[in-house]
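J.: sequence first, then the predicted structure:
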Amino acid sequence: MDIGFLIIDDCIQTLIESGDFVSDSGIETAVLISLFSDKRVNESELPPGTTEKRGWWGDMFPDVINDKIGSKLWTLEREKVTQQTLAAVETYAVEALDWMIEDGVATRIEATASTDQYNHVILSLSIYRPESEVNRFNLTWDAQELKRA
């Protein structure tokens, strides 16, 4: 079991009960870390006007060679919400969670991005587990906040 990260009051937080961190025996924490940690990008993937390639410091010492944590969703922070942007959200989400298939945690991952009346991006995920269980996550995201839809 790992320390659990949960979406509470539009922020990713941890909880403490009886002096200890609340754990997560499911995959919600792994999904949140995978999606909302900034994956390092190369020069050609940098958004216009940006020079910082970002990335997670732990990638310097991976257990698996060339293993990188995170997603490229951060590169879309200043993009207008278009069909092309929504397609990129879906691609980046699946790419960030692809390790689950490689590690046998999931057999298939589906992502659908849409918008709400405020033009926030709604990311709907279906993660198919080997034991026939399907975990579904619906997240409303914009550059300023993250909520469970």
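T.: Perfect, I can see it now.
J.: where does this structure have low pLDDT?
T.: Low-confidence segments of the chain (pLDDT under 70): 1-15, 17-18, 20-25, 141-149.
J.: contacting residues around the top helix by length along the chain?
T.: Among the segments of the chain that qualify as a helix by DSSP state H, the longest is helix 83-97. Helix 83-97 has contacts (CB atoms under 8 Å, 6 or more residues apart in numbering) with 31, 34-35, 39, 70-73, 75-76, 79, 106, 109-115, 121, 123, 125, 127. To be clear about C-beta, it is placed using only N, CA and C from the backbone, and glycine gets the same treatment.
J.: among these, which are located in strands?
T.: In this view, the contacts of helix 83-97 that belong to strands under DSSP state E are 109-115, 121, 123, 125, 127.
J.: buried members of these into ChimeraX, please.
T.: Here is the ChimeraX selection string for the buried members of the ones in strands among the contacts of helix 83-97, based on 16 or more other CB atoms under 10 Å:
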select :109,111,113,121,123,125,127
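J.: which secondary structure elements does the helix or strand following the longest helix of the chain sit against?
T.: The helix or strand immediately downstream of helix 83-97 is helix 99-102, counting by DSSP states H and E. Counting contacts by 3 or more CB pairs under 8 Å, 6 or more residues apart in numbering; DSSP states H and E, helix 99-102 is packed against helix 28-36, strand 108-115.
J.: for helix 99-102, buried residues please.
T.: Buried-residue list, helix 99-102, by 16+ other CB under 10 Å: 99-100.
J.: great, nothing more from me.
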